[in-house]
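In: for reference, the sequence and a predicted model appear below.
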Amino acid sequence: MKFEKGLSTATLLSNEVKCKQVALLERDILLKNLKSVLESLRGQVAGKYKDEFEESVSMVDILAVQLSKRENELLQQKTEVTRIATSLKLLLKMVGELLTKNELMHAWRLKMLELLYKEFKKYFKRKRTVHKELESSNRSSC
């Protein structure tokens with residue numbers, strides 16, 4: 001049960017990582033488009049707006065660098081989540097096999113106890129029979 005919860009959590013994390021990947025790809029495309037538009041406007045900007053324009057281009061470049069860093073972090077997270085999910089699946093399989101073996105051992109022990117109980121019953125029944133026969137023979141000899 002705990003392993004199934006862990007597996008479920010790993011799956012949710014994996015899905016979350018995939019959603020972040022899609023969002024990053026969309027942001028990357030938007031940043032490229034924005035940079036393209038800014039580059040096409042570069043020649044049309046003059047005077048005091050030129051400094052603000054250059055600052056905007058620099059901000060887009062900074063955002064692109066931050067995006068690359070975030071993408072690398074996301075790839076590391078995805079690798080880690082995949083590793084955890086794989087480990088949890090393996091553990092879940094191993095626990096299932098152990099439970100099956102444990103159940104088989106338990107059933108075998110119960111069967112052995114049943115057989116042992118029957119043998120003891122037979123033994124005590126024979127002992128009573130022998131004991132009664134001895135008592136009868138003792139009475140007859142007296």
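Out: Right, received. Where do you want to start?

In: can you report how many residues lie near residue 88?
Out: 19 (other CB atoms under 10 Å). Every residue, glycine included, has its C-beta placed from N, CA and C.

In: kindly report the same for residue 96.
Out: 11.

In: now name the helix or strand holding it.
Out: According to DSSP states H and E, residue 96 maps onto helix 48-141.

In: repeat that for residue 38.
Out: With DSSP H and E as criterion, residue 38 is part of helix 2-41.

In: how much space between residue 63 and residue 76?
Out: Distance of residue 63 to residue 76, given as CB to CB, to the nearest Å: 20 Å.

In: which one's more surrounded, these two?
Out: residue 63 (16 against 10).

In: low-confidence stretches in this structure?
Out: Scanning the chain for pLDDT under 70 picks out 1-7, 9-15, 17-25, 141-142.

In: CA-only coordinates of stretch 119-129 in CSV, if you can.
Out: C-alpha atoms of stretch 119-129 as CSV (Å, rounded to 0.1, in the frame of the first residue of the first chain):
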residue,chain,number,x,y,z
GLU,A,119,-1.2,-37.5,13.8
PHE,A,120,-1.4,-36.5,17.5
LYS,A,121,-5.0,-37.3,17.5
LYS,A,122,-4.4,-40.7,16.0
TYR,A,123,-1.5,-41.3,18.5
PHE,A,124,-3.7,-40.4,21.5
LYS,A,125,-6.6,-42.5,20.2
ARG,A,126,-4.3,-45.5,19.9
LYS,A,127,-2.8,-44.8,23.3
ARG,A,128,-6.3,-44.7,24.8
THR,A,129,-7.2,-47.9,23.1
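
In: tell me which element residue 46 is part of?
Out: Under the assignment here (DSSP H and E), residue 46 is part of no helix and no strand.

In: got the phi and psi for it?
Out: phi -140, psi 170 (degrees, to the nearest 10).

In: quick one: contacts for residue 56?
Out: residue 38 (CB atoms under 8 Å, 6 or more residues apart in numbering).

In: how near is residue 36 to residue 55?
Out: Where residue 55 is concerned, residue 36 sits at a distance of 18 Å (CB to CB).

In: one more: residue 105?
Out: Residue 105 is 73 Å from residue 55, by CB to CB.

In: swap in residue 124?
Out: 100 Å.
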